[in-house]
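A.B. asks: Got a predicted model here, sequence first, then my questions.
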Amino acid sequence: MTQLQDLDQDIIPLVPLERTFTIVQGTQTKTVNRVQLPLTAAYAFTDYRSQGQTISHTIIDISTPPTRSLTPFNIYVALSRSHSRDNIQLLRDFDKKLLMTHPNEFLRIEDERVASLEAETEKRWKENDIST
């Protein structure tokens, strides 16, 4: 996106678009000149608000927000609200590294601790198994 001088980075300017097209009706040709703001009516809400809902068609924006607080949890909630993946459109490109890292360092450490406990329990179970 082009940044305009003296405009904050999070501000998106809306400028009218002008289009000219020709209509042929019978033997007559008419030229139409249309000026319009590039807006489409829509309804939007956060991933938190969408929890528990099933949405027939979705357009999802998973690009990094200005707050930089998007996690894989947010992405999962947003993507899992639709009936099928055929009804989901992504608004724009996103940083793929977000899906390649663990969502939370504390959870990663806890996952490792639980996996270690599981391995230790299995080892002790096999050592004490008298049926073999």
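C.D. replies: Arrived safely. Residues are numbered from 1 along each chain as shown.
A.B. asks: ok, and what's touching stretch 35-53?
C.D. replies: Here stretch 35-53 makes contact (C-beta atoms under 8 Å, 6 or more residues apart in numbering) with 14, 15, 16, 17, 18, 19, 59, 74, 75, 77, 78, 81. C-beta: built from backbone N, CA, C; applies to glycine.
A.B. asks: Highest neighbour count among those?
C.D. replies: Each of these was scored by neighbours using other C-beta atoms under 10 Å; the highest score is residue 78's, at 22 neighbours.
A.B. asks: buried stuff in the lowest-mean-pLDDT helix or strand in the chain?
C.D. replies: None of the helices or strands of the chain scores lower by mean pLDDT, DSSP states H and E than helix 47-50, at a mean of 84. Neighbour counts over helix 47-50 (16 or more other C-beta atoms under 10 Å) mark 47, 50 as buried.
A.B. asks: export it as PDB, just CAs?
C.D. replies: The C-alpha trace of helix 47-50 is given here as PDB (Å, rounded to 0.1, in the frame of the first residue of the first chain):
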ATOM      1  CA  ASP A  47     -12.100 -13.700  16.500                       C
ATOM      2  CA  TYR A  48     -13.100 -13.500  20.200                       C
ATOM      3  CA  ARG A  49     -16.600 -12.400  19.200                       C
ATOM      4  CA  SER A  50     -16.900 -15.200  16.700                       C
END
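A.B. asks: let's have the chain start at 25 instead
C.D. replies: Taking 25 as the first residue, the last one we looked at is helix 71-74.
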